[in-house]
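1. sequence? don't have it. structure:
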């Protein structure tokens, strides 16, 4: 087993050939030993540029590696992005590398197989990593940009644009598999008075607090969106109306218990919520409209309450 080592890659465009950049001096040689042709490195690099998705880049790299170093599995992990990608079955012998480009971590990649790597094979892996770092960096930046485009910058939850696409997709899945689907729509009660009394900066703090309270109440499979202004929606896959009703009430209680220091005079924030369960003949818009109608009814009946799916 080779211990974890860090490969810190140089700036693109360096005059040193790719096959020499990471190899140590061997047996007193005055320059690094070349273990693979530049044309092979270029071929690998070209194959990795077919996609801007991290998963595709890693899988393509694993396929290219196995053409050169036999019977290798590849595991990529990026703790900051919470990404784990595995290609092949984990084996006993391992070589692991922490990839760093210009001081920025790109994650860790491990190669494993059922017999030890030779010194030459380890050198080959290190050379081929030169072909990986820039496509991997580009894919990470691309996916980060996509994620940011679908997030609400104030609250950190998903935004309205991403909700429309996600809800349409889940409706199709529900129709195909006859699985349950529910939707909760919430609205912060009397939010305009918060802005008018305490100012918009405090209003933003309130919205972030409400969003955090909602997220803490949900499961990993539930997806939270800022629908607009002070409204939030939660889409619950594989969840019937009764389960959504229970979650909506839990969220309402959690928000009502919030203590927001920016609000003076012990002012409390409450929300109202409406719940709708997918029914035959529904589409994304009709499901959303029924949840909105329930929310409006909860407001009319006094606020700080949940209008359940069966009400």
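-> On my side now, so go ahead. Note that the structure is a prediction, hence the values are computed from the model and not measured. Residues are numbered from 1 along each chain as shown.
2. How about residue 53: what's its closest non-neighbour residue?
-> Spatial nearest neighbour of residue 53, chain neighbours left out: residue 139 (6.0 Å); criterion: Cβ to Cβ, 6 or more residues apart in numbering. All C-beta atoms are positioned from the backbone trio N, CA, C, and that covers glycine.
3. neighbours around the one you found, how many?
-> Number of residues near residue 139 (other Cβ atoms under 10 Å) recorded here: 21.
4. Who are the contact partners of it?
-> The contact partners of residue 139, taken as Cβ atoms under 8 Å, 6 or more residues apart in numbering, are 51-54, 56-57.
5. now the helices for the stretch 151-300 of the chain?
-> In the stretch 151-300 of the chain, the helices defined using DSSP state H, counting those that start in this stretch lie at 160-177, 191-198, 200-217, 241-256, 284-300.
6. Just the buried positions in the last one, please.
-> Of the residues in helix 284-300, 284, 287-288, 290-292, 294-295, 298-299 count as buried by neighbour count, 16 or more other Cβ atoms under 10 Å.
7. Distance from the chain centre to that helix, please.
-> 29 Å (Cα atoms, centre = their mean, to the nearest Å).
8. Which strands or helices does that helix pack on?
-> The contact analysis (3 or more Cβ pairs under 8 Å, 6 or more residues apart in numbering; DSSP states H and E) places helix 284-300 against helix 160-177, strand 181-188, strand 271-277, strand 306-307.
9. Tell me the pLDDT of residue 280.
-> Predicted confidence (pLDDT) at residue 280: the value is 94.
10. Is there a neighbour count for it? I'd like the number.
-> Neighbours around residue 280, by other Cβ under 10 Å: 6.
11. Give me the distance between it and residue 240.
-> Between residue 280 and residue 240 the distance is 14 Å, computed by Cβ to Cβ, to the nearest Å.
12. returning to what we had before: closest to residue 115 among the contacts of residue 139?
-> residue 57 (27.1 Å; Cβ to Cβ).
13. quick one: average pLDDT of the host helix or strand of that closest one?
-> Assigned by DSSP states H and E, residue 57 falls within helix 54-68. For helix 54-68, the mean per-residue pLDDT is 93.
14. so what are the domain limits for the chain?
-> For the chain, the structural domains run 2-148, 160-307, going by automatic domain parsing.
15. Could you dump those into a markdown table and include distance to residue 154?
-> Listed next are these as a markdown table, based on distance: least, Cβ to Cβ, whole Å:
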| stretch | distance to residue 154 |
| --- | --- |
| domain 2-148 | 13 |
| domain 160-307 | 6 |
